[in-house]
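build me a model:
(one chain, ligands or ions: 1)
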Amino acid sequence: MSNGTRVLITGGAGFIGSALSRHLQEEGYEVHVLDDLSFGLRALAGVPDERFHQVDIRDRETVKRTMDSVKPGRVLHLAAVHFIPYCNAHPVEASEINVLGTINVLDACEACGSVEQVFVASTAAVYPIADGAMDETQATGPMDIYGITKLATEKLVSEFHLRTGITSIVGRFFNAFGPNETNPHLIPEIQKQVLAGVRELKLGNLDPKRDFIHTEDMSRAMSALLRVQVKGHEVFNIGRGIEYSVREIVDAFARQLGEPLTITVDPARVRKVERMHLLADVGKLKQVTGWEPRWGIDEGVATLLKERILDRA
Ligand SMILES: NC(=O)c1ccc[n+]([C@@H]2O[C@H](COP(=O)([O-])OP(=O)(O)OC[C@H]3O[C@@H](n4cnc5c(N)ncnc54)[C@H](O)[C@@H]3O)[C@@H](O)[C@H]2O)c1
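Reported below is the predicted structural model:
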């Protein structure tokens, strides 16, 4: 028997999954979290113990047993390793978690008999290097191990839908920002340096541009996709549709801090191969769901500074 309001989030103790867990609970969903806490934190999941399942998605039998005991109506699969330098250094582990782990989660969704819809987190890293905004019809062309594992994930989801008929949605996330970031990406790196009192920041390449979307806007987009009852198998970009360079992000920190910040390029942080642009065309998401982003970069940076200052008080 299915329960449309009971959802299971894999990776729900992580950066994006925990924002999603909070958001869906506010909307009245009964949220269960499955996470092995390798990167996430138990406290972030924001669910009571009986709805928290500490499970490694590589453990096929336990994933199946857990799914069977929860019997969710919807599953949002976000558990993965995704920090690109980590994936490059650990390609076997990245493949085991992102590819074999996804097979285990999808098979458990099929076997438990209650799941009507599966949402799987993919990434803008499946796109090739290009200058303009990417829409979902753009040919894929990942350039690192992480992107390759996520493209494999996408293909598995498509095959899952063909085999089971269960509605499946792939969300290609662009660059997330917001509170509780677990990986040392650009924004938490700037945040860390600024909050440590540094005013001459040491950063890598300053010119690449990225499409930064706040985790609350991402959660609202995923929730909107649950609500509109997408049918079949669909792929959606989840980004903001605006790109910012590293310099522009630093400028936003300087504005919110009310102090000038200067930048020194640290050669150790400069990547050998760099995408200069990564921008989402979010026309499909907007058209299908009516979703609009609410968070700009300045509001997001302001809360990051305030939150950390409050935390430390
Ligand atoms: N952060 C971004 O900018 C971004 C961009 C594109 C795509 N994504 C995708 O979004 C999803 C969430 O990313 P995030 O930024 O919240 O990362 P995160 O590392 O904070 O969250 C991933 C969660 O998965 C859990 N996990 C990892 N391996 C696991 C395993 N073997 N079994 C069970 N749980 C496991 C971790 O403990 C963590 O809580 C990932 O699928 C990632 O690939 C993120």
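
which bits of the stretch 151-300 of the chain sit near the ligand?
173, 175, 176, 182, 183 (Cβ under 6 Å from any ligand atom). Yep, even glycine has a C-beta here, placed from its N, CA and C like the rest.

among these, which are in strands?
Using DSSP state E, the subset of these located in strands is 173, 175, 176.

by neighbour count, which of those wins?
Using other Cβ atoms under 10 Å as the neighbour test, these are led by residue 173, with 25 neighbours.

contacts only, for the residue lying closest to it once chain neighbours are set aside.
The spatially closest residue to residue 173, leaving aside those adjacent along the chain, is residue 238, at 5.2 Å (Cβ to Cβ, 6 or more residues apart in numbering). Contacts for residue 238 (Cβ atoms under 8 Å, 6 or more residues apart in numbering) come out as 171, 172, 173, 174, 213, 218, 221, 222, 280, 282, 285.

and residue 238, what are its phi and psi?
The phi/psi pair for residue 238 (degrees, to the nearest 10) reads phi -120, psi 90.

ok, it to residue 115 distance?
From residue 238 across to residue 115, the span is 21 Å (Cβ to Cβ, to the nearest Å).

and for residue 196?
Taking Cβ to Cβ as the measure, residue 196 falls 45 Å from residue 115.

ditto for residue 134
Distance from residue 134 to residue 115, by Cβ to Cβ: 29 Å.

quick one: mean pLDDT for the helix ranked longest in the chain?
Assignment by DSSP state H gives helix 145-164 as the longest helix of the chain. Mean pLDDT, helix 145-164: 98.

surely residue 87 meets residue 142?
No - with contact defined as Cβ atoms under 8 Å, residue 87 does not reach residue 142; the gap is 11.0 Å.

domain-wise, how is the chain divided?
The chain breaks down by automatic domain parsing into domains covering 6-176+214-238, 183-211+242-278+295-312.

between those, which gets the lowest average pLDDT?
Of all the domains of the chain, the minimum mean pLDDT falls on domain 183-211+242-278+295-312 (a mean of 87).

when residue 196 and residue 115 are compared, which one has more neighbours?
residue 115 (24 against 7).

that one against residue 75, yeah?
Yes - Residue 115 lies in contact with residue 75 (Cβ under 8 Å); the separation is 5.5 Å.

stretch 38-47 near the ligand anywhere?
Yes - Stretch 38-47 reaches the ligand (Cβ under 6 Å from any ligand atom) through 38, 39, 40.

tell me the SS of the first one?
In this case it means residue 38. coil (DSSP: H, G, I helix; E, B strand; the rest coil).

what about it, how many neighbours?
14.

repeat that for the last one.
Here the count is done by other Cβ under 10 Å, and residue 40 has 22 residues near it.

for it, which residues are in contact?
Going by Cβ under 8 Å, 6+ apart, residue 40 touches 11, 12, 13, 14, 15, 17, 18, 182.

switch the cut-off to 6 Å
The neighbours of residue 40, taking Cβ atoms under 6 Å, 6 or more residues apart in numbering as the test, are 13, 14.

quick one, what contacts residue 146?
Contact analysis of residue 146 by Cβ under 6 Å, 6+ apart lists 82, 84, 87, 125.

list phi and psi for the second one.
For residue 84, the backbone dihedrals (degrees, to the nearest 10) come out as phi -60, psi -50.

with adjacent residues omitted, what lies nearest to it?
Per Cβ to Cβ, 6+ apart, closest to residue 84 is residue 146, 5.1 Å.

how much space separates residue 232 from the ligand?
Residue 232 sits at a distance of 22 Å from the ligand (criterion: Cβ to the nearest ligand atom, to the nearest Å).

same check, this time on residue 110
Distance of residue 110 to the ligand, computed by Cβ to the nearest ligand atom: 19 Å.

what's that residue in contact with, if anything?
residue 164.

redo that, cut-off 10 Å
Going by Cβ atoms under 10 Å, 6 or more residues apart in numbering, residue 110 touches 64, 67, 118, 160, 163, 164, 165, 166.

residue 115 now?
Contacts for residue 115 (Cβ under 10 Å, 6+ apart) come out as 2, 7-8, 67, 71-75, 106, 108-109, 164, 166-168.

from these, pick the one nearest residue 232.
residue 167 (6.5 Å; Cβ to Cβ).

so residue 138: helix, strand or coil?
Classified using three-state DSSP, residue 138 is coil.

with residue 234 as the reference, measure out to the residue nearest to it when sequence neighbours are not counted.
Leaving aside its chain neighbours, residue 138 sits nearest to residue 127 (5.9 Å; criterion: Cβ to Cβ, 6+ apart). Using Cβ to Cβ, residue 127 is found at 17 Å from residue 234.
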